[in-house]
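# Quick one, structure for this:
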Amino acid sequence: MINKRVKKDYGMSDYYNYYLKNSNNPQSKFKFNKIVSEFNEGIVDLIINESIEFKPTKLQFTFCIRKTKRVPKIKEGKLINTTPIDWKATNQLWESDSEAKDKKILLRYLNNHTFKYIFRIKALKLGQNYKNKKYYKYKPARSFQRLLAKRILDNDLDNFDAYKLY
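Residues are numbered from 1 along each chain as shown. Coordinates of the predicted model:
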């Protein structure tokens, strides 16, 4: 049996090398990187501000924002709380109160400004048929996540169109 490894990550240099091999009139690496970066920034802006779903032609994913409601529940007599932990407030509590640290008390975000919804940037694989699709994983760039958080918290703009997203 042949052990084939799948390359996990592709970056700008990989895309540029592919472009060089398949282009009749290649441009400089600097110009290529600038064009790709501006294109990606435009797509991110459309996904965040216009709530579009972006589906690249060659990739079999749909990039979009989805929301889920996170509220504490009781299952089989146990409290299940999946709301995100506010680590800054938790660490401040633990520094000021050693008993809370010993009991590992966690402070969580309330998300009252979004009616208790949590927003995630997703790459949907639904309805696609290709081999080993369960092994593909998408983790958005931190800057993409920070832009979404900034957009949700921006009071100058209209409320984030949460009702459009499901």
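# And the contacts of the longest helix anywhere in the chain?
Assignment by DSSP state H gives helix 29-49 as the longest helix of the chain. Helix 29-49 has contacts (C-beta atoms under 8 Å, 6 or more residues apart in numbering) with 12, 15-16, 19, 26-27, 52-54, 63-65, 121, 144, 147-148, 151. In this view, the C-beta of every residue, glycine as well, is placed from N, C-alpha and C.
# so of the residues you listed, which ones are in strands?
Using DSSP state E, the subset of the contacts of helix 29-49 located in strands is 63-65, 121.
# Need the max-distance pair from those.
F63 and I65 (8.8 Å; C-beta to C-beta).
# Common neighbours of these two, please.
With C-beta under 8 Å, 6+ apart as the test, F63 and I65 both reach 47, 121-122.
# can you give me the helices for the protein?
Ranges of helices in the chain, per DSSP H, are 12-22, 29-49, 87-96, 98-102, 142-153.
# Flag every buried residue along the second one.
Translated: helix 29-49. 32, 44, 47-48 (16 or more other C-beta atoms under 10 Å).
# before we move on, back to that, may I see the helices of the chain organised as CSV, with mean pLDDT added?
Listed next are these as CSV, based on pLDDT from 0 to 100:
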stretch, mean pLDDT
helix 12-22, 91
helix 29-49, 93
helix 87-96, 95
helix 98-102, 93
helix 142-153, 89
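# closest one to R108 among the ones you listed?
helix 87-96 (8.5 Å).
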